[in-house]
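In: coords please:
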Amino acid sequence: MLVKVFGSAVFGVEATTITVEVNIDKGVGYHLVGLPDSAIKESSYRIAAALKNNNFNFPGKKITVNMAPADLRKEGSAYDLTLAIGILAASSQIKSEDIHNYVIMGELSLDGSLQPIKGALSIAIKAKEEGFKGLILPFQNVKEAAIVDGLDVYGVENVLQVINFFEGKLDLIPTKVDTTEEFNKTLDFPEYDFSDVKGQEGIKRCMEIAAAGGHNIILIGPPGSGKTMLAKRLPSILPPMTMREALETTKIHSVAGKTKDVGLMTQRPFRSPHHTASSVSLVGGGSYPQPGEISLAHNGVLFLDELPEFKREVLEVMRQPLEDREVTISRAKFTITYPSSFMLVASMNPSPGGYFNDPNAPVSSSPMEMQRYLSKISGPLLDRIDIHIEVTPVPFEKLTETRKAESSVSIRERVTKAREIQSQRFENYEYIHYNAQMSSKLIREFCALDEVSLQLLKTAMERLNLSARAYDRILKVSRTIADLENSDSIQSHHIAEAIQYRSLDREGWLG
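Out: The predicted structure follows:
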């Protein structure tokens with residue numbers, strides 16, 4: 001008897017429906033075709049044990065299973081439940097009239113219980129697009145998949161529940177998630193709040209500008225000056241995610257298997273990889289393609305602490321994603337594109353000893369040592385960072401102040417207003433949402449300068465020997481500063497402030 005059941009393969013961040021054809025005939029043997037990997041080939045042992053432990057039989061006949069499309073490689077153990085239900089239906093142990101209306105996915109344990117899978121949200125979106133009545137998957141993934149409206153999503157704990165559901169012995173209740181309620185949960189009491197930071201008012205101003213325009217920022221300062229403390233608090237002042245951003249972010253984390261028992265991700269991600277990270281872990285890829293840190297930070301913050309300690313070739317792979325806001329992984333057998341629109345926040349010491357060229361510092365480094373240390377970061381990468389700022393140690397008087405500093409919630413209100421101005425400005429551009437995403441054409445359109453500002457920028461370009469990319473960055477940052485002041489045009493003082501945030505372009509900044 002021939003039966004067709006449906007599963008789904010996740011490729012990149014998108015899903016493809018897989019038709020599992022199970023045919024049982026006279027003879028002996030189990031034949032699995034359609035480019036399955038080792039985990040799928042081993043599924044027969046898990047399925048046989050799970051069925052036996054639930055009083056069903058693994059047929060001792062010739063079983064041929066085809067996973068179509070046969071030229072697409074299938075990976076992982078998430079097809080166990082799909083294959084088990086197909087074998088039971090083809091051997092007439094359960095009814096098969098309604099099976100074709102559902103996408104069925106799940107990894108089986110030997111006792112028949114189900115383990116969570118990856119990419120549940122992508123699978124649910126594809127199932128709805130293709131008109132399936134429902135999706136059956138492990139209970140741990142149900143909140144995530146139920147975000148998709150118009151699709152019945154059933155969370156099950158073991159294979160017996162699925163069997164009884166198709167036999168009509170059990171009524172499964174589809175899980176419903178109120179996405180509006182989930183989405184409206186705000187972070188009014190963040191774990192890391194800017195009110196905890198003593199002093200550093202100028203640096204907080206930089207962080208506010210970076211958050212308002214989505215700009216990349218690098219913090220340079222000696223140990224203990226508060227670089228990491230400031231970076232960890234940046235997500236608390238970013239505006240709440242839109243529904244589109246929340247779905248995009250959830251989909252990526254779902255594919256990476258990081259959303260178990262979690263519904264819609266409503267908080268912006270904060271990723272902080274260690275400096276020993278490899279190129280593949282940062283950008284993604286591998287034998288079994290997975291999103292890297294830059295994609296997991298999509299719509300959030302990627303924090304690289306101790307930037308010069310990262311291997312140079314690891315940092316260089318970020319140059320293209322920082323410009324294009326997506327990363328394409330190309331291999332001989334596949335090409336995958338992952339979104340990677342993130343805010344880069346980097347921190348570093350100014351020298352190997354950790355201090356500026358200061359004779360009173362505990363560890364003194366010569367200007368040559370400092371320059372050699374800084375040269376570990378390439379000019380093209382620094383060009384792609386909009387704001388460079390020096391972080392100086394906090395004086396004792398500021399550390400002992402009892403007065404509370406401004407909270408993240410009040411800073412976020414100003415940032416959100418600036419982002420709203422930008423959203424209106426770019427409403428006719430599909431993939432542009434804030435100033436840092438502006439192309440050269442949009443910069444010319446929205447960053448027009450008066451004569452005074454133009455002359456000021458010309459002088460800075462000539463004296464600092466800035467590149468064309470640095471010129472664009474200054475205009476983007478000045479546009480954000482103007483938005484924070486609710487100014488329609490860019491004024492000379494906006495340009496002057498933006499130029500100040502190019503510390504690493506200034507000759508002699510170390511002295």
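
In: For this protein, which helix or strand comes out least confident on mean pLDDT?
Out: Of all helical and strand segments in the chain, the minimum by mean pLDDT, DSSP states H and E falls on helix 179-183, at a mean of 68.

In: List the buried residues for the helix or strand following it?
Out: Per DSSP states H and E, helix 179-183 leads on to helix 201-213 as the next helix or strand towards the C-terminus. Within helix 201-213, the residues that count as buried by 16 or more other Cβ atoms under 10 Å are Ile203, Lys204, Arg205, Cys206, Met207, Glu208, Ile209, Ala210, Ala211, Ala212, Gly213. All C-beta spots, glycine's among them, are computed from the backbone N, C-alpha and C.

In: Tabulate those residues (CSV), appending distance to Gly76.
Out: Below are these laid out as CSV (distance: Cβ to Cβ, whole Å):
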residue, distance to Gly76
Ile203, 45
Lys204, 45
Arg205, 48
Cys206, 44
Met207, 41
Glu208, 43
Ile209, 44
Ala210, 39
Ala211, 38
Ala212, 41
Gly213, 40
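
In: out of those, what pair is the most spread apart?
Out: Across the buried residues of helix 201-213, the longest distance by Cβ to Cβ is 16.4 Å; it joins Ile203 and Gly213.

In: Which other helices and strands does the lengthiest strand in the chain contact?
Out: If you go by DSSP state E, the chain has its longest strand at strand 14-25. Contact here means 3 or more Cβ pairs under 8 Å, 6 or more residues apart in numbering; DSSP states H and E; on that basis strand 14-25 packs against strand 2-11, strand 62-68, helix 80-90, helix 120-129.

In: And for the third one, what's in contact with it?
Out: In this case it means helix 80-90. With contact meaning Cβ atoms under 8 Å, 6 or more residues apart in numbering, helix 80-90 is reached by 1-7, 18, 20-24, 40, 43, 46-47, 50-51, 56, 58-59, 63, 65, 94-96, 99, 104-108, 114, 136, 159, 162-163, 166.

In: buried subset of those?
Out: Buried members of the contacts of helix 80-90, counted by 16+ other Cβ under 10 Å: 3-7, 18, 20-24, 40, 43, 46-47, 50-51, 56, 58-59, 63, 65, 94, 96, 99, 104-108, 114, 136, 159, 162-163, 166.

In: And the pLDDT for Val5?
Out: For Val5, the model assigns a pLDDT of 96.

In: which residues touch it?
Out: Applying Cβ under 8 Å, 6+ apart, the residues near Val5 are Thr19, Val20, Val22, Thr82, Ile85, Gly86, Ala89, Ile99, His100, Ile104.

In: So which of those is the closest to Gly284?
Out: Once Cβ to Cβ is applied, the member of the contacts of Val5 that ends up nearest Gly284 is Thr82, at 26.5 Å.

In: Apart from its neighbours in sequence, what residue is nearest the closest one?
Out: Distances taken as Cβ to Cβ, 6 or more residues apart in numbering put Gly7 closest to Thr82, at 3.9 Å, once the chain neighbours are dropped.

In: Quick check: the one you found touching Gly106?
Out: No - in this structure Gly7 lies outside contact range of Gly106 using Cβ atoms under 8 Å: 9.5 Å.

In: which residues are common contacts for these two?
Out: What both Gly7 and Gly106 touch, as defined by Cβ under 8 Å, 6+ apart, is the set Ala78, Thr82.

In: picking that back up, give the contact list for the residue nearest to Thr82.
Out: Here Gly7 is in contact with Thr17, Ile18, Val20, Met67, Ala78, Tyr79, Thr82, Val103, Ile104, Met105 (Cβ under 8 Å, 6+ apart).

In: Mind listing the residues bridging to the second one?
Out: Right, Ile18. Counting by DSSP bridges, Ile18 forms beta bridges with Gly7.

In: Name all residues that make contact with it.
Out: Contacts of Ile18 (Cβ under 8 Å, 6+ apart): Phe6, Gly7, Ser8, Ala9, Met67, Ala68, Pro69, Leu72, Lys74, Tyr79, Thr82.

In: Go through these and flag the one the model is least confident about.
Out: Leu72 (87).

In: What count of nearby residues applies to that one?
Out: If you count neighbours by other Cβ atoms under 10 Å, Leu72 ends up with 14.

In: Does it belong to a helix, a strand or coil?
Out: Here Leu72 is recorded as coil under DSSP: H, G, I helix; E, B strand; the rest coil.

In: what does Ala470 give?
Out: Per three-state DSSP, the secondary structure class of Ala470 is helix.

In: Check whether it really touches Ser503, as I assumed.
Out: No - between Ala470 and Ser503 there is no contact under Cβ under 8 Å: 11.9 Å.

In: Where does the prediction get shaky in the stretch 151-300 of the chain?
Out: Within the stretch 151-300 of the chain, the stretches with pLDDT under 70 are 182-190, 260-261.

In: the helices in it, which residues?
Out: 159-167, 179-183, 201-213, 227-232, 243-255, 279-283, 293-296 (DSSP state H, counting those that start in this stretch).

In: Select, out of the ones you listed, the one closest to Glu445.
Out: Using Cβ to Cβ, these put helix 201-213 closest to Glu445, at 16.2 Å.

In: Show me what that closest one is packed up against.
Out: Short answer (3+ Cβ pairs under 8 Å, 6+ apart): helix 201-213 packs on strand 217-220, helix 227-232, strand 343-348, strand 387-390, helix 408-425, helix 468-484.

In: distance between the fourth one and the chain's centre?
Out: Yep, that's strand 387-390 we're talking about. Put simply, strand 387-390 sits 25 Å off its chain's centre (Cα atoms, centre = their mean, to the nearest Å).
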